[in-house]
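Novice: Can you look at this prediction? I've put the sequence above it.
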Amino acid sequence: MKLKSLSVFAALALAIAVSACQKSSPTRPTDAAAAGATTGSVTDAKLGITITTPIAVSPTDGTTFKYTDQPVTLTIKNAAATGSGTNTYTFQVATDAGFSSVVQTKDSVAEGSGQTAVKLDTLPGPQAKDYFWRARANNGGVAGPFSKGLKFSVGPQVVIQAPTPVSPANGGQASGAQPTLTVNNASITGPVGNVRYTFQISDSSSFGNVLGSATVSQGSGQTSASIDVKLATNGTYFWRAQATDTTNNVTGPFSAVQSFKYVPFDMSQAIIVDSPSDLASWPVTTQITSVTFTGDAFEVDFDRRQGPNKWPEFVPPGWSGGLQYTLGMCVNKDAKQWYCSGVVQFWDGRSLDDTTPPSYVGRNWFYDSRWGPILGYQPADGETVGLFVGSGNLRDGTSFTQASCPRICERSNVAMVTWQNDGFKQYVFSLARSLASVIRR
């Protein structure tokens, strides 16, 4: 009989010598006989093929894997055989040390150089589980003895569901310099670790072009994130979110995609200070036509200030003359919350520049406790603010609402402008009214 090599022959000779006193050489070794894996080799008397036991390399006995470490790779040091063919290997994984419950078999695995390895299929969760593995060589139709079964464990599976979008609702609106997105937290099973959420905004529902994203730690019940992204006024955009357990390296699916319209400011989301509390719901019957910064004042014009359809005057209690409208401002304090207040009262014919120098707003507009959270608030150069007008007396107007309106309760839109503390800048929303304003000057 021709041996594969002298080194193989030497190894076989030693293995046979060791095992000769332990067992006879059956024609075909059985799995049951090999379960203990104490045999060094097996010889098929009919075919004259002797095969030694491969040596388990990894995972070593008692190794523990996270569920996400899968697929597990089994590695053995190659067996020796006297057959003329090439060795192949059989790997088994069972849930018991006796291998009566085999859950995976990898058969006919080609022999590697010195060592042979095979990747298992993912072992099922969700609970932590102990497994046992072993391997044997095959040559010329003869199956060698199995290696000793070694134990390894796979940790429980962490399963993350998609979070549920809350706001902005599908087809709704988002406002503010940094739109805020909110989800109900994802349902998670398994030993959860550190969970973070990634929010994305795109200009398409396919998210082929992500305009901005933010990743934040999970909140209590709900998680929100503000995304610093430049969006077009009244543009339609899309958002989604997903949760990741960074401890276990598990990421869940994205939430359903929601569309929204970007409106830089929404008065219904603002806190009204020192003016009627329901100001946001008043009918919008006029539009801001121009805003002009001069350094000495900021002039705000609108299309019902003059002309046949102008807002009428009325005499508020304690006044000796009439009052037509109140000029107000909305500011986004700390880029977290909008506040709006009507401050400067105008009668018919009062000059538009009777406001205040823009750099004096903090001291001349919001100068006492009536303005509470925005007391002394001074917009910075380049800050986005909203300017509006409301009919009648909005200042100190906390005693009435639309339902108890003393005469006419209407307002304009809120014109969003970039604040200028010094210098000239003009925003034109209606060319005809703007030209009239310039001519008057």
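Specialist: Thanks, I have it. It should be emphasised that the depicted structure is a prediction, and the values quoted were computed from it without experimental measurement. Residues are numbered from 1 along each chain as shown.
Novice: Spell out which helix or strand contains the residue nearest to the spatial centre of the chain, please.
Specialist: The residue lying closest to the centre of the chain (Cα atoms, centre = their mean) is residue 198, at 1.5 Å. Assigned by DSSP states H and E, residue 198 falls within strand 195-202.
Novice: ok, back up a step: what score does the residue nearest to the centre of the chain have for pLDDT?
Specialist: Note on residue 198: pLDDT of 98.
Novice: which residues does it bridge with?
Specialist: residue 215, residue 242 (DSSP bridges).
Novice: residues touching it, list them.
Specialist: Counting by Cβ atoms under 8 Å, 6 or more residues apart in numbering, residue 198 makes contact with 213-215, 241-242, 244. Heads up, the C-betas are built off the backbone N, CA and C, glycines and all.
Novice: swap in residue 152?
Specialist: Counting by Cβ under 8 Å, 6+ apart, residue 152 makes contact with 59, 61-65, 72, 130-133.
Novice: hang on, isn't residue 278 packed against residue 402?
Specialist: Yes. Contact criterion Cβ atoms under 8 Å: residue 278 and residue 402 qualify, at 5.4 Å.
Novice: which is the next helix or strand following the lowest-mean-pLDDT helix or strand in the chain?
Specialist: With mean pLDDT, DSSP states H and E as the measure, the helix or strand of the chain carrying the lowest mean pLDDT is helix 31-34 (a mean of 38). Toward the C-terminal end, the helix or strand that comes next after helix 31-34 (DSSP H and E) is strand 41-44.
Novice: For the closest residue in space to residue 64 that isn't next to it in sequence, which three-state class applies?
Specialist: Sequence neighbours aside, residue 153 is the residue nearest to residue 64 in space, at 4.6 Å (criterion: Cβ to Cβ, 6 or more residues apart in numbering). Secondary structure assignment for residue 153 (DSSP: H, G, I helix; E, B strand; the rest coil): strand.
Novice: Dig out what residue 153 forms beta bridges with.
Specialist: With DSSP bridges as the criterion, residue 153 is bridged to residue 64, residue 130.
Novice: If I look at it, what pLDDT would I see?
Specialist: You'll see residue 153 listed with a pLDDT of 94.
Novice: what about it, how many residues close to it?
Specialist: Using other Cβ atoms under 10 Å, residue 153 has 13 other residues around it.
Novice: how close does it sit to residue 61?
Specialist: 11 Å (Cβ to Cβ, to the nearest Å).
Novice: In the strand holding residue 198, which residues are buried?
Specialist: Across strand 195-202, burial judged by 16 or more other Cβ atoms under 10 Å covers 195, 197-202.
Novice: for those, which one is nearest residue 308?
Specialist: residue 201 (45.4 Å; Cβ to Cβ).
Novice: my guess is that closest one contacts residue 239, does it?
Specialist: Yes. Counting by Cβ under 8 Å, residue 239 is a contact partner of residue 201 at 5.0 Å.
Novice: anything in contact with each of the two?
Specialist: By Cβ under 8 Å, 6+ apart, residue 201 and residue 239 have these common neighbours: residue 181.
Novice: how about the helices in the stretch 301-441 of the chain?
Specialist: Per DSSP state H, counting those that start in this stretch, the stretch 301-441 of the chain carries helices over the ranges 361-364, 431-440.
Novice: worst average pLDDT in these?
Specialist: helix 431-440 (a mean of 41).
Novice: From residue 310, how far out is residue 155?
Specialist: 75 Å.
Novice: Kindly report the same for residue 302.
Specialist: 10 Å.
Novice: Compare the two and say which is more crowded by neighbours.
Specialist: residue 302 (26 against 15).
Novice: and the more buried one, what does it touch?
Specialist: Neighbouring residues of residue 302 by Cβ under 8 Å, 6+ apart: 286-289, 389, 412, 433.
Novice: In terms of distance to residue 261, which of those ranks first?
Specialist: Residue 261 lies nearest to residue 287 out of the contacts of residue 302, by Cβ to Cβ, at 19.1 Å.
Novice: Buried ones in stretch 265-280, by neighbour count?
Specialist: Here stretch 265-280 shows 265, 267, 270, 272-276, 279-280 as buried, counting by 16+ other Cβ under 10 Å.
Novice: Including pLDDT, could those go into a markdown table?
Specialist: Shown next, in a markdown table, are the buried residues of stretch 265-280 (pLDDT from 0 to 100):
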| residue | pLDDT |
| --- | --- |
| 265 | 84 |
| 267 | 92 |
| 270 | 93 |
| 272 | 97 |
| 273 | 97 |
| 274 | 97 |
| 275 | 97 |
| 276 | 96 |
| 279 | 97 |
| 280 | 96 |
